[in-house]
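Chemist: Provide a 3D model corresponding to the input given below.
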Amino acid sequence: MSEAEHPERHQRDVTIDDVRQLMGSSTPHFALQIRNRIAKLVRELPEGHPARIEGEREIARLTELGYSGEVRGVQHEDGIEPLPSLSAGPGEPGAH
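Modeler: Sure thing, here's the model as predicted:
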């Protein structure tokens, strides 16, 4: 996945829909790349701008997703420990 941006987004005001377009395809594998694209998209917006607020919220979610992975259903079964990559926090051994 490229971190290149659509040129037309730089020719108009950034909207919440622009942020949502980027976050729509978020998976653990691409979460940190998408996070970086959103950060670039909203960094010039003033504090309180709706797209910046949405972007900052999504940046936090993508950071967590990128480091912790995605768990669906039950977290784990009794007697079976989760994989290290799912239990390690950012910067801890086993985290990606």
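Chemist: same for the longest helix anywhere in the chain, what does it pack against?
Modeler: In the chain, with assignment by DSSP state H, the single longest helix is helix 50-68. For helix 50-68, the packing partners by 3 or more CB pairs under 8 Å, 6 or more residues apart in numbering; DSSP states H and E come out as helix 16-23, helix 31-42. All C-beta spots, glycine's among them, are computed from the backbone N, C-alpha and C.
Chemist: For the first one, list every residue counted as buried.
Modeler: Which is helix 16-23. Neighbour counts over helix 16-23 (16 or more other CB atoms under 10 Å) mark 18-19, 22-23 as buried.
Chemist: Can I get that helix as PDB, trimmed to CA atoms?
Modeler: What follows is helix 16-23, C-alpha atoms only, in PDB (Å, rounded to 0.1, in the frame of the first residue of the first chain):
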ATOM      1  CA  ILE A  16     -14.700  14.000   7.200                       C
ATOM      2  CA  ASP A  17     -15.500  11.800   4.200                       C
ATOM      3  CA  ASP A  18     -11.800  12.100   3.100                       C
ATOM      4  CA  VAL A  19     -10.700  10.700   6.400                       C
ATOM      5  CA  ARG A  20     -13.400   8.000   6.300                       C
ATOM      6  CA  GLN A  21     -12.300   7.000   2.800                       C
ATOM      7  CA  LEU A  22      -8.800   6.200   4.100                       C
ATOM      8  CA  MET A  23     -10.000   4.400   7.200                       C
END
